[in-house]
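> compute the structure for the input listed below.
(chains A and B)
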Protein chains: 2
Amino acid sequence: MFRINDNYLKLTAGYLFPEISRRVHAFTQANPALASRVIRCGIGDVTEPLPVAAVTAMHEAVDALSKHDSFRGYPPATGYDFVRRAIADGDFRSRGCIVADDEVFLSDGSKPDASAILEILGPGNRIAISDPVYPVYADTNVMAGNSGPALRGGGYEGFVYLPCTEDNAFAPCPPKEHADVVYLCSPNNPTGSVLDRAALARWVEWAHAHHALILFDAAYADFIRDPSLPQSIYEIEGARRCAIEFRSFSKVGGFTGVRCGYTVVPKELVGAAADGTRVALHDLWMRRWATCSNGVSWPVQCAAAALYSAEGRGQTRALTDFYLANAAILARACTALGLRAFGAANSPYVWVSCPRGLGSWETFDLLLQHAQVVTTPGAGFGRCGEGFIRISAFNSRANVEEVARRIGVLAPAAV
Amino acid sequence: MFRINDNYLKLTAGYLFPEISRRVHAFTQANPALASRVIRCGIGDVTEPLPVAAVTAMHEAVDALSKHDSFRGYPPATGYDFVRRAIADGDFRSRGCIVADDEVFLSDGSKPDASAILEILGPGNRIAISDPVYPVYADTNVMAGNSGPALRGGGYEGFVYLPCTEDNAFAPCPPKEHADVVYLCSPNNPTGSVLDRAALARWVEWAHAHHALILFDAAYADFIRDPSLPQSIYEIEGARRCAIEFRSFSKVGGFTGVRCGYTVVPKELVGAAADGTRVALHDLWMRRWATCSNGVSWPVQCAAAALYSAEGRGQTRALTDFYLANAAILARACTALGLRAFGAANSPYVWVSCPRGLGSWETFDLLLQHAQVVTTPGAGFGRCGEGFIRISAFNSRANVEEVARRIGVLAPAAV
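Residues are numbered from 1 along each chain as shown, chains lettered A, B, ... in the order given. From the prediction side, this is the model:
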């Protein structure tokens, strides 16, 4: 009989967010009168309308498809030139980073990119990930066969885990042991921490020493307000020879329902074939896109490009400012209860210590049952996430203010 | 040093369509005065405007994203229920096939799906593909490690090739040797042939006997006009236990630039784990989507659902009728020259024998150089494609009539 991919059988439990959905669904089924009170600060989904520049661009793009003379069929597999240029200019060259237009590969989101990148990497690479971590990095590597079996107590055999705790301000440090590929996410999901220039430079140095690849997820780069913090890994000398960067329009442009992101693969970045030959990842990634995709929807590409217009920039700035103000409100409310709150300053996530004596799923359940607030339990992101919950700032101001009040159920006297 | 996927190094030459683009580009660079005369009947990209129903639905969907109350973020990874229901009803249940809503998985196109499906299959499966074949089936399997090295003269070691020639009316027959996974495409790209009920039933029977998986690509199903021909493999008894079906809106809805397709994975379809356990592919595919994707763009999903409204159905029927009429014009013109033309009746592709003494790339070059008509050389689809070219009927009526005249350069006296 034909064979399935056995690596899938190593995966433990459901993916985190489906599990949260399940618990919320069970709660609202059991308490229908409270269903309308539920406020979701879990999955980190945006709530504010799409920027006007993107809306206008999409309408125009749809109109173009409705007329014979302006109709467009298959897009280039890697994105239209004008979109790639807008991105390379707007996110990199304007900040002094060297990124060529054709090093930008447009996609339908960061999650698919973070998964697809493993297709061009070989088996046998030792993978390093943070703990806590965005579950996609771990799960996709399990599915690709880059791990051993699941470990009791969480995690998988074979991964190098980089603990991120209060002691290191949630910033992963280069490990003592060897690794071939490391995932870095800054601003971090879930902890909201941001790697500064010195920390990123240490990682680049480590990658060169180990001939390792850095997969740098900068999906939240546009939330950085501190000008001393790097928004791209290419702000660090030498990163073009060791790093791939993922970006997303999901949060900066409110594109979670529109679906668009991109990956930067510098041309000088090489990996080793079995015989030791050096092979450019840019060529492999190019081939991957030409063979496995027909590119991104035309109206979506137009919307993405519109975010880089003067009008679009103003609107995305207002959008990220709005969510940052939400984060500040949430962080203040937690601190006022005597809880320790991290992130929030240059990130849309607030990483909050659980009340004394409560685990992260217990805190999640308490907030759901007694405050009808959905958060994300830190343990869902890894062992070092235990003792914390993630509160997402992606919500309306009214909801955020309401959440700030309701989390009073976590006050020491109440728990 | 970190390792790349060595299987990519086995891939021969560029993907077919980039190679065609290269030759057309070289021609227009060398002959700028003739550049505007070039008519593309190569890649099979649609030319007619999007159906009005889809345009209206996309505009409404974009408007919804522009307002707070109707804004939508992350879609379900596998597609909105209303879209899955429209598909399962419209393409399957209305034709007597059993397909549940949640067996339909929405995607951004058939090409990504045909590639991604290999992620849930194990290594060690023996792959059978037609010759000639849509290159994506072969290339993605090479990249996934399911082949040996490239063979001199074309093809790859380890694949079971199913010759499709004039002798078998271009209908692949079950092989005598064992295979674990077989790709079938009907109506066929590139030959335009359609598997009838008896032929498909033989394949289903063979799959059961070999515990093999059929990957059925029905991207062109909506071009079938002969009511005796099956549009879905699920019209065949037993197919739910051995077949996955891929569909695309690219051609029926003119969606090549919009990007949407879907895959049907029946729940009773199982494959074997290493220890012999039976595992449902539906569970694996579900997990794959939840982990590796955030689903399809909201306006795109709305456009897809709109194709199933009464208005949408009339418009897609008119669109496929239009391209079928083009195909008939092209087939007649070829036949009038004494060439043998296949397909065209229930398919948008015309598969044409090359003039005596000319190979398929020679015929391609001759048509480009002397008629400025871009076709696809049969050899690009496999060894058995040699001696044929594929002419796509996806063009305006004026262009198709012009092509019908210009291919007179292939007349015996002219060659």
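> quick check: residues of the stretch 251-400 of chain A near chain B?
Proximity of the stretch 251-400 of chain A to chain B, by Cβ under 8 Å from any Cβ of the partner chain, involves residues A:254, A:256-259, A:271-274, A:279, A:281, A:284, A:287-288, A:290-300, A:396. Where C-beta positions appear, they are placed from N, C-alpha and C, glycine not excepted.
> one more pass at 6 Å, please.
Counting by Cβ under 6 Å from any Cβ of the partner chain, the stretch 251-400 of chain A comes close to chain B at A:256-259, A:271-274, A:279, A:284, A:290-294, A:297-298, A:300.
> alpha carbons of stretch A:138-158, as PDB, please.
What follows is stretch A:138-158, C-alpha atoms only, in PDB (Å, rounded to 0.1, in the frame of the first residue of the first chain):
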ATOM      1  CA  ALA A 138       8.500  23.400  15.300                       C
ATOM      2  CA  ASP A 139       5.600  21.600  13.700                       C
ATOM      3  CA  THR A 140       6.700  22.100  10.100                       C
ATOM      4  CA  ASN A 141      10.200  20.700  11.000                       C
ATOM      5  CA  VAL A 142       8.600  17.700  12.700                       C
ATOM      6  CA  MET A 143       6.500  17.200   9.500                       C
ATOM      7  CA  ALA A 144       9.600  17.500   7.400                       C
ATOM      8  CA  GLY A 145      11.400  14.900   9.400                       C
ATOM      9  CA  ASN A 146      13.900  17.200  11.100                       C
ATOM     10  CA  SER A 147      13.100  15.900  14.600                       C
ATOM     11  CA  GLY A 148      12.900  12.800  16.600                       C
ATOM     12  CA  PRO A 149       9.800  11.800  18.500                       C
ATOM     13  CA  ALA A 150       7.900  14.000  20.900                       C
ATOM     14  CA  LEU A 151       9.400  14.200  24.400                       C
ATOM     15  CA  ARG A 152       7.400  13.700  27.600                       C
ATOM     16  CA  GLY A 153       6.700  17.100  29.000                       C
ATOM     17  CA  GLY A 154       6.700  18.900  25.700                       C
ATOM     18  CA  GLY A 155       9.000  19.500  22.700                       C
ATOM     19  CA  TYR A 156      10.700  17.100  20.400                       C
ATOM     20  CA  GLU A 157      13.900  15.100  20.400                       C
ATOM     21  CA  GLY A 158      16.600  16.500  18.100                       C
END
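> could you give the mean pLDDT of it?
With pLDDT averaged residue by residue, stretch A:138-158 scores 95.
> how near is residue A:282 to chain B?
Here the distance between residue A:282 and chain B works out to 12 Å (Cβ to the nearest Cβ, to the nearest Å).
> hang on, the earlier thing: out of the residues of the stretch 251-400 of chain A next to chain B, which sit inside helices?
Here DSSP state H is the test, and those give A:284, A:290, A:291, A:292, A:298, A:300 as lying in helices.
> could you list the domains of chain A?
A:6-49+A:312-410, A:54-308 (automatic domain parsing).
> now the longest one: how far from the chain's centre is it?
In this case it means domain A:54-308. From the chain centre to the centre of domain A:54-308 is a distance of 9 Å (Cα atoms, centre = their mean, to the nearest Å).
> ok, now which ones touch residue A:134?
Residue A:134 makes contacts with A:185, A:189, as judged by Cβ atoms under 6 Å, 6 or more residues apart in numbering or on different chains.
> for the stretch 1-150 of chain A, just list every one of the helices.
Counting by DSSP state H, counting those that start in this stretch, the stretch 1-150 of chain A has helices at residues A:16-30, A:52-65, A:81-87, A:110-116, A:135-143.
> how about the stretch 151-300 of chain A?
A:197-210, A:281-292, A:298-306.
> can I assume residue A:4 is in contact with residue B:279?
Yes: taking contacts as Cβ atoms under 6 Å, residue A:4 lies within contact range of residue B:279: 5.0 Å.
> okay, and the common contacts of those two?
Once Cβ under 6 Å, 6+ apart is applied, the residues that residue A:4 and residue B:279 both contact turn out to be B:271, B:273.
> of these two, who's got more company?
residue A:4 (25 against 20; other Cβ atoms under 10 Å in any protein chain shown).
> tell me how far that one lies from residue A:22.
Between residue A:4 and residue A:22 the computed distance is 25 Å (Cβ to Cβ, to the nearest Å).
> with residue A:144 instead?
26 Å.
> can you pick out the residue with more neighbours from these two?
More crowded of residue A:144 and residue A:22, by other Cβ under 10 Å: residue A:144, with 19 against 11.
> chain neighbours aside, what residue packs nearest to that one?
residue A:118 (4.5 Å; Cβ to Cβ, 6 or more residues apart in numbering or on different chains).
> ditto for residue A:402
Spatial nearest neighbour of residue A:402, chain neighbours left out: residue A:39 (6.3 Å); criterion: Cβ to Cβ, 6+ apart.
> hmm, that neighbour is touching residue A:373, no?
Yes: the criterion here is Cβ under 6 Å, and residue A:39 meets it with residue A:373 at 5.4 Å.
> quick one: stretch A:351-363 to chain centroid distance?
Remark: stretch A:351-363 is offset 23 Å from the chain centroid, using Cα atoms, centre = their mean.
> low-confidence ranges, the stretch 1-150 of chain A, go.
A:13-15 (pLDDT under 70).
> contact residues of it facing chain B?
A:1-6, A:8, A:15, A:18, A:45-46, A:49-50, A:55, A:58-59, A:62, A:65-68, A:71-74, A:108-109, A:111-112, A:115, A:120, A:122, A:124-125, A:139.
> show the buried residues in the residues you listed.
Among those, those classed as buried by neighbour count (16 or more other Cβ atoms under 10 Å in any protein chain shown) are A:2-6, A:8, A:15, A:45-46, A:49-50, A:55, A:58-59, A:62, A:65-66, A:71-74, A:108-109, A:111-112, A:115, A:120, A:122, A:125, A:139.
> out of the residues you listed, list just those in strands.
Among these, no residue falls in strands (DSSP state E).
> picking up where we left off before, please identify which of the helices of the stretch 1-150 of chain A is closest to residue A:201.
Residue A:201 lies closest to helix A:135-143 among those, at 22.1 Å (Cβ to Cβ).
> where do the strands sit along the stretch 151-300 of chain A?
Ranges of strands in the stretch 151-300 of chain A, per DSSP state E, counting those that start in this stretch, are A:160-163, A:181-185, A:213-217, A:243-248, A:261-264, A:270-272, A:278-280.
> can you tell which of those strands is closest to residue A:236?
strand A:243-248 (8.3 Å).
> against which helices or strands is that closest one packed?
helix A:110-116, strand A:213-217, strand A:261-264 (3 or more Cβ pairs under 6 Å, 6 or more residues apart in numbering or on different chains; DSSP states H and E).
> using CSV, write out every CA atom in that strand.
Output in CSV follows, covering the C-alpha atoms of strand A:243-248 (Å, rounded to 0.1, in the frame of the first residue of the first chain):
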residue,chain,number,x,y,z
ALA,A,243,20.0,34.9,6.6
ILE,A,244,16.6,34.6,5.0
GLU,A,245,14.0,37.1,6.2
PHE,A,246,10.3,36.6,6.3
ARG,A,247,7.8,39.5,6.3
SER,A,248,4.1,39.7,6.4
